[in-house]
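> what shape does this take:
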Amino acid sequence: MFKYINKLFDKIKKSEKGQGMVEYALIIAFVAAIAIYALNGRLGNAVKTSFDNAESGVRSAADIANKDLSGSGGN
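Numbers count the residues shown, from 1 in each chain. Below you'll find the predicted structure:
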């Protein structure tokens with residue numbers, strides 16, 4: 001079993017395809033690290049806070065617009 005693995009690693013080292021495989025492995029590791037970071041709630045909390053702030057701003061603008069519309073219609 002170990003001889004087979006060693007032969008496989010030797011083939012990978014000798015061919016340029018091995019370099020591409022390593023690059024893909026690094027990209028996958030990077031994406032996995034970002035996913036783990038996001039799933040642990042750190043990024044999720046930041047996104048949630050941003051959306052909450054945006055929602056608050058939209059609600060404030062809607063309240064102001066509703067007050068302006070209701071106040072000018074009676075005069």
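
> which helix runs longest in this structure?
Identified as the longest helix of the chain according to DSSP state H is helix 42-73.

> and residue 43, how many neighbours?
Using other C-beta atoms under 10 Å, the number of residues around residue 43 comes to 13. C-beta: built from backbone N, CA, C; applies to glycine.

> same check on residue 66?
Per other C-beta under 10 Å, the neighbour tally for residue 66 reads 10.

> how about the worst-scoring helix or strand of the chain on mean pLDDT as CSV, C-alpha atoms only?
Least confident helix or strand of the chain, by mean pLDDT, DSSP states H and E, is helix 2-14 with a mean of 73. C-alpha atoms of helix 2-14 as CSV (Å, rounded to 0.1, in the frame of the first residue of the first chain):
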residue,chain,number,x,y,z
PHE,A,2,2.8,2.4,0.9
LYS,A,3,4.7,1.5,-2.2
TYR,A,4,1.7,2.5,-4.3
ILE,A,5,1.3,5.8,-2.5
ASN,A,6,5.0,6.5,-2.9
LYS,A,7,4.8,5.8,-6.7
LEU,A,8,1.8,8.0,-6.9
PHE,A,9,3.7,10.9,-5.2
ASP,A,10,6.7,10.3,-7.5
LYS,A,11,4.5,10.6,-10.6
ILE,A,12,2.9,13.8,-9.2
LYS,A,13,6.3,15.3,-8.5
LYS,A,14,7.6,14.5,-12.0
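
> what about that helix, distance to the chain center?
Relative to the centre of its chain, helix 2-14 is centred 36 Å away, using C-alpha atoms, centre = their mean, to the nearest Å.

> elements contacting it?
helix 17-39 (3 or more C-beta pairs under 8 Å, 6 or more residues apart in numbering; DSSP states H and E).

> helices or strands up against the helix it packs on?
Against helix 17-39 (3+ C-beta pairs under 8 Å, 6+ apart) you get helix 2-14.
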